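# Using only what follows, build the 3D model:
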Amino acid sequence: MFFADATAAFINIRRSLRPNGRLAFVCWRAPEENQLDILLLRAASAHLPPQPAHDPDAPGPFAFTNPGRVRGILESAGFGEIENHCV
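Numbering: from 1, shown residues only. Prediction:
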């Protein structure tokens, strides 16, 4: 989530896997779907200067909230048989 170039990062991860290796990872959902995150951000915002609008594609904890974007990154990095299990 914090990679400046997510595709390059996942290419490196794929290269480190054994042949037919698997990758599984967990990422955060969008801020509006995480009540705890919203609560903390609202509490902190009273003590912070105005913040720029959230860029969902920028590196950070919410960079992988869009399953289509994640699929595109993984496909570009050479992964196949990509499954998404949002819970």
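# Tell me the secondary structure at residue 15.
At residue 15 the chain is in helix, as set by DSSP: H, G, I helix; E, B strand; the rest coil.
# Please report how far it lies from residue 77.
Separation of residue 15 from residue 77 (CB to CB, to the nearest Å): 9 Å. (Glycine included, C-beta is placed from N, CA and C.)
# Of these two, which one has the most company?
More crowded of residue 15 and residue 77, by other CB atoms under 10 Å: residue 77, with 18 against 9.
# Could you pull out the buried residues of the helix or strand where residue 40 lies?
Assigned by DSSP states H and E, residue 40 falls within helix 35-45. For helix 35-45, a neighbour-count test (16 or more other CB atoms under 10 Å) marks residue 37 as buried.
# what's it in contact with?
28, 31-32, 51 (CB atoms under 8 Å, 6 or more residues apart in numbering).
# so which of the residues you listed comes closest to residue 81?
For the contacts of helix 35-45, the minimum distance to residue 81 (CB to CB) is 23.6 Å, reached by residue 28.
# show me what contacts the closest one?
1, 34, 37, 61-62, 64-65.
# related to what we said a few turns ago, now the buried members of the contacts of helix 35-45.
The neighbour-count criterion (16+ other CB under 10 Å) marks residue 31 among the contacts of helix 35-45 as buried.
# Check the contacts of helix 35-45 against residue 10 and report the nearest one.
Comparing the contacts of helix 35-45 against residue 10 with CB to CB picks out residue 28 as the nearest, at 17.3 Å.
# so how far is residue 50 from the closest one?
23 Å.
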